[in-house]
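Q: with the input below, show me the fold.
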Amino acid sequence: MLLSVIQVQLYFLFLELLFEIYLQRPLVEPRQKIRKINPETMNMNVLSSSSPSHSNCGHWYVRHGICLTCKQKPSLVEESRRFDYLFTGLRLSQEAVFFTKRLTTLISLHAHKKLHLVLDLDHTLVHSVRVSNLSEAEKYLIEGEKPGLKLYQSRIIKVRPFVKDFLREANTLFNMYVYTKGDLLYGKEIAKMIDPDKTYFGDRVITRRESRHTKTLDHVLADERGIVIVDDTVEVWPHHMRNLLKITRYFYFKHNGIDKVSSYAERKRDESKSRGALANLLKYLKDIHNGFFSCDVQEELDSKDVRLLINGPFKPHGC
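A: Here you go, the predicted structure:
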């Protein structure tokens, strides 16, 4: 498919936006000046200098129903894909999604030596239950503030041990996403709890608003060949199991109130930080990263596929 000059210019402007806001770093070196773009006004000023005619426009990027290039209202917006988790009202055409995934991956690999990591929330990074479901021996948890615990609406949330260290170290190897079957407010709240400064995830929090019944990498702006998924549930990824690393489910509170064995909370203990699932997972992720980047020859990086290293769905030892 041949691209017009306008489409290419549009693409690089959008990519610049992604790397400044979506990847939380500039596309160019820090010493080089780069024009700041405000996503809330991008449909008014980002592309105003070069707009093609409506008949020649491919409507790659549409926001609030208006094409960011030609300023017209496309008639087939429903054929595009929504990316509201990045910018409200944003839709990308199939062509825009393909090229954005491809080029974002190439820049991530070659410029930053990073893969992409998609992390589940519940039972992977946190455990949450309704406060009303706490056992009698667990109700002490709602008295006063306690590290790693948060009351949110009718629920109590516990962060898994080693999460802070895991995210800090994984961030040097991966661009990270959160992907939860919870609703938008719940996903944002937990992301804020484990990443209050948006250092690791930025606004890359995908929830059931994007995919209600199953999870899909269609919503992740990166090539599947460079994405690792970590989840405690295999079945929610029917089309991407080769990317999947399965992690042991984290239960801090009494499971459904029927477990015969006392919960971590009841025993006032927790999963080991140094020998727990996340610590062991981090070691395996480092091995995957090292295996992928074992050769820095550009041509080999462009053809490598992380799925051949994972051979998922796979549960690493100790995870």
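Q: residues of stretch 192-201 that come out buried?
A: Taking 16 or more other C-beta atoms under 10 Å as the neighbour-count basis, stretch 192-201 is seen to contain the buried residues 193-195, 200-201. Where you see a C-beta, it was placed from the backbone N, CA and C, and this is true even at glycine.
Q: tell me which residues in the longest helix belonging to the chain are buried?
A: Longest among the helix segments of the chain by residue count, using DSSP state H, is helix 94-112. Buried positions in helix 94-112, judged by neighbour count with 16+ other C-beta under 10 Å: 95-97, 99-101, 103-109.
Q: quick check, nearest of the residues you listed to Ala137?
A: Closest approach between the buried residues of helix 94-112 and Ala137, by C-beta to C-beta: Ser108, at 46.7 Å.
Q: how about the closest one: what's its closest non-neighbour residue?
A: Excluding the flanking residues, the one nearest Ser108 by C-beta to C-beta, 6 or more residues apart in numbering is Lys114, at 4.9 Å.
Q: show me the contacts for that neighbour.
A: When contacts are counted by C-beta atoms under 8 Å, 6 or more residues apart in numbering, Lys114 touches 108, 173-175.
Q: strands along the stretch 151-300 of the chain, start to end?
A: When assigned using DSSP state E, counting those that start in this stretch, the strands of the stretch 151-300 of the chain occupy the ranges 155-159, 174-179, 205-206, 227-231, 244-246.
Q: what's next to the first one, contact-wise?
A: What it means is strand 155-159. By C-beta under 8 Å, 6+ apart, the residues outside strand 155-159 that reach it are 125-131, 134, 141-142, 148-151, 189-190, 193-194, 252-253, 265.
Q: equivalent analysis for the shortest one, please.
A: Under the contact criterion C-beta under 8 Å, 6+ apart, strand 205-206 has outside partners 85, 177-180, 184, 187-188, 191, 219-220.
Q: can you add pLDDT, neighbour count and distance to His213 and give these back as TSV?
A: As requested, those are exported to TSV (pLDDT from 0 to 100; neighbours: other C-beta atoms under 10 Å; distance: C-beta to C-beta, whole Å):
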residue	pLDDT	neighbour count	distance to His213
Tyr85	89	21	17
Tyr177	97	23	19
Val178	96	25	18
Tyr179	96	28	14
Thr180	95	23	14
Leu184	92	16	16
Gly187	94	22	16
Lys188	94	17	21
Ala191	95	23	22
His219	94	20	14
Val220	95	22	17
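Q: so which of the residues you listed sit within helices?
A: Within these, membership in helices is found for 184, 187-188, 191, as judged by DSSP H.
Q: which of the residues you listed lies closest to Asp232?
A: In terms of C-beta to C-beta, no member of the ones in helices among the contacts of strand 205-206 lies closer to Asp232 than Gly187, at 16.0 Å.
Q: quick one, what contacts that closest one?
A: When contacts are counted by C-beta under 8 Å, 6+ apart, Gly187 touches 121, 178, 180, 205-207.
Q: now for these, which pair is the farthest apart?
A: For the contacts of Gly187, the maximum inter-member distance is 10.3 Å, found between Leu121 and Ile206 (C-beta to C-beta).
Q: verify the contact between Glu224 and Asn243 for me.
A: Yes. At 6.4 Å, Glu224 counts as touching Asn243 under the criterion of C-beta atoms under 8 Å.
Q: of these two, which one has the most company?
A: Neighbours of Glu224 and Asn243, each counted by other C-beta atoms under 10 Å, are more numerous for Asn243; the result is 25 against 19.
Q: okay, now the unreliable bits of the protein?
A: Counting by pLDDT under 70, the chain shows low-confidence ranges at 1-56, 76-78, 256-260, 295-300, 319.
Q: pull out the buried residues from stretch 287-297.
A: Within stretch 287-297, the residues that count as buried by 16+ other C-beta under 10 Å are 288-289, 292-293.
Q: try stretch 134-144
A: Along stretch 134-144, these residues count as buried under the neighbour rule (16+ other C-beta under 10 Å): 134, 138, 141.
Q: CSV for the residues you listed, including secondary structure and distance to Arg160?
A: Supplementary listing: those in CSV, determined by DSSP: H, G, I helix; E, B strand; the rest coil; distance: C-beta to C-beta, whole Å:
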residue, secondary structure, distance to Arg160
Leu134, coil, 18
Glu138, helix, 17
Leu141, helix, 16
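Q: pick the one among those residues closest to Thr214.
A: Proximity of the buried residues of stretch 134-144 to Thr214, judged by C-beta to C-beta, is greatest for Leu134, which lies at 30.6 Å.
Q: so how far is Tyr250 from that closest one?
A: Using C-beta to C-beta, to the nearest Å, Leu134 is found at 17 Å from Tyr250.
Q: grab the nearest non-local neighbour of Pro316.
A: Distances taken as C-beta to C-beta, 6+ apart put Tyr284 closest to Pro316, at 4.1 Å, once the chain neighbours are dropped.
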